[in-house]
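>>> no sequence on this one, just coordinates:
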């Protein structure tokens with residue numbers, strides 16, 4: 001399965017909402033990175049990643065998100081992850097990313 005993104009801007013919260021659908025892995029990392037950079041260049045704001053349809057993430061996908069997080073923090077914005085599946089949350093927890101990223105269940 002590949003990765004699909006649904007993106008929208010929420011004017012009320014001044015945030016990008018990015019729904020991750022499928023798998024974030026070595027095959028989709030470039031597309032994800034390019035799309036996130038374009039959104040951030042278009043309008044710097046907080047990013048809310050909706051993850052209820054995210055089925056899998058590997059270390060390359062985590063690397064893209066960490067790198068992107070650093071860029072967003074430069075602009076004093078935040079990154080949130082919502083509705084992580086237990087298997088995905090476990091990866092965030094084992095890697096310590098649950099201490100870096102704001103995770104909303």
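That came in fine, so what should we check first? All of these numbers come straight from a predicted model, not from anything done at the bench. Residues are numbered from 1 along each chain as shown.
>>> strand partners of the strand ranked longest in the chain, parallel vs antiparallel please.
Longest strand of the chain, by residue count under DSSP state E: strand 15-24. Strand pairing for strand 15-24, using DSSP bridges, gives strand 3-10 (antiparallel), strand 46-50 (parallel), strand 54-57 (parallel).
>>> what sits up against the following helix or strand past it?
Once strand 15-24 ends, the next helix or strand along the chain (criterion: DSSP states H and E) is helix 29-42. Defining contact as C-beta atoms under 8 Å, 6 or more residues apart in numbering, one finds that helix 29-42 is touched by 3, 5, 7, 16, 18, 24, 47, 60-61, 63-64, 67-68, 71-72, 75. (C-beta placed from N, C-alpha, C; glycine too.)
>>> In this structure residue 10 contacts residue 43, no?
No: shown here, residue 10 and residue 43 do not form a contact pair, counting by C-beta atoms under 8 Å, at 11.0 Å.
>>> Mutual contacts of these two, please.
residue 16.
>>> on that earlier part again, Throw the strands paired with strand 15-24 into JSON lines and include distance to residue 29, mean neighbour count and mean pLDDT, thanks.
Output for the strands paired with strand 15-24, formatted as JSON lines (distance: least, C-beta to C-beta, whole Å; neighbours: other C-beta atoms under 10 Å; pLDDT from 0 to 100):
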{"stretch": "strand 3-10", "distance to residue 29": "9", "mean neighbour count": "14", "mean pLDDT": "96"}
{"stretch": "strand 46-50", "distance to residue 29": "15", "mean neighbour count": "20", "mean pLDDT": "97"}
{"stretch": "strand 54-57", "distance to residue 29": "10", "mean neighbour count": "19", "mean pLDDT": "96"}
